[in-house]
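A.B. asks: Any chance you could fold what I've pasted below:
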Amino acid sequence: MSKFKIRKKIINIRKKKYFGIKISNNILDNLPKRINLSKNKIIGGYFPINFEFDCLQILNKFYSNGYDISLPIIKRNHQMDFYKWSPNDPLTISSFGIPQPIKLKKVYPDIIFVPIVAFDKYRNRIGYGGGFYDRYLEKISQIKKCITIGLAFSHQKVNKINVENFDKKLDLILTEKLMQK
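C.D. replies: Here you go, the predicted model:
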């Protein structure tokens, strides 16, 4: 099945199932021990849209535990960068209608939570098709090692995603039910 068809199908399912799913508050407890969660790590997240897994709960927990957190700002030419943010900071609305921080301090996260439309058992993902995360993950890989953790609901899993050269595999995928390693 093409990425376009998978994307359309999963988004429709996600809209119908979203309200019945309980999200675990102990997701940080489920992160593998091999991830170094020292306090000097910068955590990157996203502002959830279109019935996505709500990353803000996770970011708030990291923030309350003393971590620096950040959100992306979308730029021209399908580019984005992450900027330091706290739950008390104001947000502005991007041209895509997504809340984003007001530019303060550009950062390079050590751990990035990535939104997912669909994923497979090989830790491949489909997003909305703009390639923002694939481009950013390529860019940051030239700067530092960054752990990528996809967040999705278990019903977003598909058998196989046909990957292209620019697609970036994630390190982990977490759902409300399971964790893919």
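
A.B. asks: Give me the neighbour count for residue 53.
C.D. replies: 24 (other C-beta atoms under 10 Å). The way it works is simple: take the backbone N, C-alpha and C, and place the C-beta from them, glycine included.

A.B. asks: Need the three-state assignment for it.
C.D. replies: coil (DSSP: H, G, I helix; E, B strand; the rest coil).

A.B. asks: how much space between it and residue 1?
C.D. replies: 22 Å (C-beta to C-beta, to the nearest Å).

A.B. asks: cool, and residue 164?
C.D. replies: In terms of C-beta to C-beta, residue 164 sits 15 Å off from residue 1.

A.B. asks: tell me the SS of residue 92?
C.D. replies: strand.

A.B. asks: nope, residue 133 is what I was after
C.D. replies: Put simply, residue 133 is helix when judged by three-state DSSP.

A.B. asks: so who does it touch?
C.D. replies: 80, 114, 115, 127, 168 (C-beta atoms under 8 Å, 6 or more residues apart in numbering).

A.B. asks: where exactly do the helices run in this structure?
C.D. replies: 3-17, 55-64, 132-141 (DSSP state H).

A.B. asks: buried residues in the first one?
C.D. replies: In other words, helix 3-17. 3, 6, 7, 10, 11, 14 (16 or more other C-beta atoms under 10 Å).

A.B. asks: mind checking pLDDT for the third one?
C.D. replies: In this prediction, residue 7 carries a pLDDT score of 80.

A.B. asks: Hmm, it is touching residue 117, no?
C.D. replies: Yes - look at residue 7 against residue 117 with C-beta atoms under 8 Å: they come within range, at 5.2 Å.

A.B. asks: Need the residues touching each of those two.
C.D. replies: 126, 128.

A.B. asks: Can you name the residues that contact the residue most central in space within the chain?
C.D. replies: The centre of the chain sits closest to residue 114, judged by C-alpha atoms, centre = their mean, with a distance of 1.5 Å. Contacts for residue 114 were tallied using C-beta under 8 Å, 6+ apart; they are 46, 125, 127, 133, 148, 149, 150, 151, 170.

A.B. asks: ok, the second one to residue 134 distance?
C.D. replies: Residue 125 sits 9 Å away from residue 134, taking C-beta to C-beta as the criterion.

A.B. asks: so who does residue 49 touch?
C.D. replies: By C-beta under 8 Å, 6+ apart, the neighbours of residue 49 are 97, 98.
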